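> What follows is a predicted protein model with its sequence.
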Amino acid sequence: MAGDQENNLNSNLNSQKIQTLKQFHKRIMKERFINNQASVYYSSQNSKFVIPGIMITGISSVASFMATSDVAGDTLKTVFSIGVGILTAGATILQSISSSFGFQSRADNFQKAADSYDTLLTKIEFEICNPNEDFNEFCNSLEASILDIKNDCKYLPPLFINTLWEKHKEDYLSEFEKISLNFELNNQNIMNSVTTEKSVNNNLITIVDIPEMENQK
């Protein structure tokens with residue numbers, strides 16, 4: 001009876017730990033998704049200014065070459081020179097707008113945060129499959145890491161990304177449900193194996209004791 005109570009207690013403790021790790025995993029997976037999508041969004045916004053700026057710079061280089069070439073006449077050279085000035089000004093404006101909004105800086109910050117959250121997810125999955133750390137210290141470490149990541153990323157993601165997460169979260173969370181289910185099944189098999197081994201050992205002890213008692217008689 002005492003062995004069964006101990007096994008039930010250990011099973012309950014393991015279940016509580018799994019539930020806690022599930023909550024951590026869901027929260028971190030949400031943060032990874034939001035930060036990754038925010039990085040993609042700001043990278044796209046930055047490309048809308050950077051790519052036209054690159055193209056304008058290339059065209060202005062060609063126009064600048066034509067303005068100094070002997071092939072073109074004086075009137076055409078003047079036109080090319082004016083075109084170079086206008087294109088250069090346009091490229092400068094686009095670069096200034098991109099820099100003032102900080103699209104690239106935001107994209108880099110959110111991508112760095114997403115990579116950090118992905119590392120935490122890997123740690124949780126390893127801990128679930130092979131629990132070899134103190135549970136309380138592990139949870140405290142996760143909490144501290146999450147706060148550090150949030151402090152390092154000084155930007156807030158766009159609100160529409162939260163709506164996007166609510167729309168697709170079931171697809172992302174189902175992956176972890178499979179992992180946790182496999183762990184619970186493995187853990188139950190281990191507990192059943194331990195219980196069976198203890199039962200066999202007790203039966204062996206009983207069989208050994210019976211002849212000794214008969215000899216004493």
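Thanks, I have it. Numbering: from 1, shown residues only.

> any chance you could map the strands in the protein?
Assigned by DSSP state E, the chain shows no strands.

> mind checking the longest helix of it?
The single longest helix within the chain, with elements called by DSSP state H, is helix 2-68.

> Which elements pack onto that one?
The contact analysis (3 or more C-beta pairs under 8 Å, 6 or more residues apart in numbering; DSSP states H and E) places helix 2-68 against helix 74-101, helix 103-129, helix 135-152, helix 159-216. Every C-beta, even on glycine, is put in place using the N, C-alpha and C of the backbone.

> dump the residue contacts of the closest residue to Asp118 other than its chain neighbours.
Sequence neighbours aside, Arg32 is the residue nearest to Asp118 in space, at 5.6 Å (criterion: C-beta to C-beta, 6 or more residues apart in numbering). Counting by C-beta atoms under 8 Å, 6 or more residues apart in numbering, Arg32 touches Ala114, Tyr117, Asp118, Leu121.

> Check Lys17 too.
Counted by C-beta under 8 Å, 6+ apart, Lys17 has contacts Pro131, Phe135.

> so what pLDDT did Ala91 get?
Looking at Ala91, its pLDDT stands at 81.

> One more: Ile28?
90.

> ok, it - contacts?
Applying C-beta under 8 Å, 6+ apart to Ile28 gives the contacts Tyr117, Leu120, Leu121, Ile124, Leu142, Ile146.

> any idea which of those has the most stuff around it?
Tyr117 (23 neighbours; other C-beta atoms under 10 Å).

> what separates it from Leu156, distance-wise?
16 Å (C-beta to C-beta, to the nearest Å).

> go on, Gln45?
When Gln45 is compared with Leu156 (using C-beta to C-beta), they lie 15 Å apart.

> What distance do you get for Ile59 to Lys26?
In terms of C-beta to C-beta, Ile59 sits 50 Å off from Lys26.

> Could you do Phe80 as well?
For Phe80, the distance to Lys26 - C-beta to C-beta - is 60 Å.

> which one of the two has more residues nearby?
Phe80 (20 against 15).

> mind checking how far that one is from Ser64?
7 Å.

> what ranges of this structure fall below the confidence cut-off?
For the chain, the stretches with pLDDT under 70 are 1-13, 65-67, 69-74, 172-217.

> if you skip the residues just before and after it, what's nearest to Gly90?
Nearest non-adjacent residue to Gly90 (C-beta to C-beta, 6+ apart): Ile56, at 5.5 Å.

> Over to Lys30?
Trp165 is the one closest to Lys30 (C-beta to C-beta, 6+ apart), at 5.9 Å.
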